[in-house]
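Participant: need the 3D shape of this:
(chains A and B)
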Amino acid sequence: QKEVEQNSGPLSVPEGAIASLNCTYSDRGSQSFFWYRQYSGKSPELIMFIYSNGDKEDGRFTAQLNKASQYVSLLIRDSQPSDSATYLCAVNPDSSYKLIFGSGTRLLVRP
Amino acid sequence: GAGVSQSPSNKVTEKGKDVELRCDPISGHTALYWYRQSLGQGLEFLIYFQGNSAPDKSGLPSDRFSAERTGGSVSTLTIQRTQQEDSAVYLCASSPRYRVTYNSPLHFGNGTRLTVT
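Facilitator: Predicted coordinates for the structure are as follows:
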């Protein structure tokens, strides 16, 4: 079992819809969670961080964390074609320096 | 520059040759990471440097891979006797502190795309 799992996609949504990206992790003791966006041929960039159970909102992005079920999700409201990218979930298992990344979910937003 | 700089951006090499990949982190960042991203895959941790501490080499896939960081700044990742399965994008990242947090996230370079023929 991989430490961090994501559906590879592609997830295709129409412009203006809500895109829902999911991630599960195996280390129950994990404390902090990150979402990175990676455009094709570019480096990953941090877009969201969450460490408490519940929801965290930042503009059109909402991260949701459920430690009991060991999943973290990212919602993108009012999706735009410019949101088309690969979204990487990353877990910091011991609150130190190492991030464990999932393989990413490719999102396509259709105009 | 303001960001993490990697060179070369692209490298094509023949199987069996050695290659060196360079990373220049953001000035003042004490932590430096190397990750590898194969086609359609996530980021695979390779090695971590923090200040003068011994590096965490637990992610290096074989003894053909080595890395050093000179003067706490520039890092070089060396792959000896390259194999076709080494083909990937090698990403370097730096962060200002030991712990990865929202205030101390990883800042990635644009990577080196290595192709072994």
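
Participant: per-residue pLDDT, residue A:44?
Facilitator: Looking at residue A:44, its pLDDT reads 92.

Participant: so what's it up against?
Facilitator: By Cβ atoms under 8 Å, 6 or more residues apart in numbering or on different chains, residue A:44 lies in contact with A:36-38, A:88, B:43, B:91, B:106, B:108. For the C-beta atoms, the positions are set from N, CA and C on the backbone; glycine is no exception.

Participant: just these: which are in strands?
Facilitator: A:36-38, A:88, B:43, B:91, B:108 (DSSP state E).

Participant: just those now: which is nearest residue B:114?
Facilitator: residue B:91 (11.3 Å; Cβ to Cβ).

Participant: show me where pLDDT drops low in the chain?
Facilitator: Going with chain A. A:1-2, A:95 (pLDDT under 70).

Participant: my question was about chain B, not that one.
Facilitator: Applying pLDDT under 70 to chain B flags residues B:1.

Participant: so which bits of it are right by chain A?
Facilitator: B:31, B:33, B:35, B:40-45, B:48, B:50, B:56, B:91, B:95, B:98-102, B:105-106, B:108-111 (Cβ under 8 Å from any Cβ of the partner chain).

Participant: flag every residue of chain A that's near chain B.
Facilitator: So chain A meets chain B at A:4, A:6, A:8, A:32, A:34, A:42-46, A:49, A:88, A:90, A:92, A:95-104 (Cβ under 8 Å from any Cβ).

Participant: please identify which pair of the contacts of residue A:44 lies farthest apart.
Facilitator: A:37 and B:91 (14.4 Å).

Participant: neighbour count and distance to residue B:66 added to the ones in strands among the contacts of residue A:44, as CSV?
Facilitator: Output for the ones in strands among the contacts of residue A:44, formatted as CSV (neighbours: other Cβ atoms under 10 Å in any protein chain shown; distance: Cβ to Cβ, whole Å):
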residue, neighbour count, distance to residue B:66
A:36, 24, 27
A:37, 20, 31
A:38, 20, 27
A:88, 27, 26
B:43, 26, 20
B:91, 25, 17
B:108, 23, 21
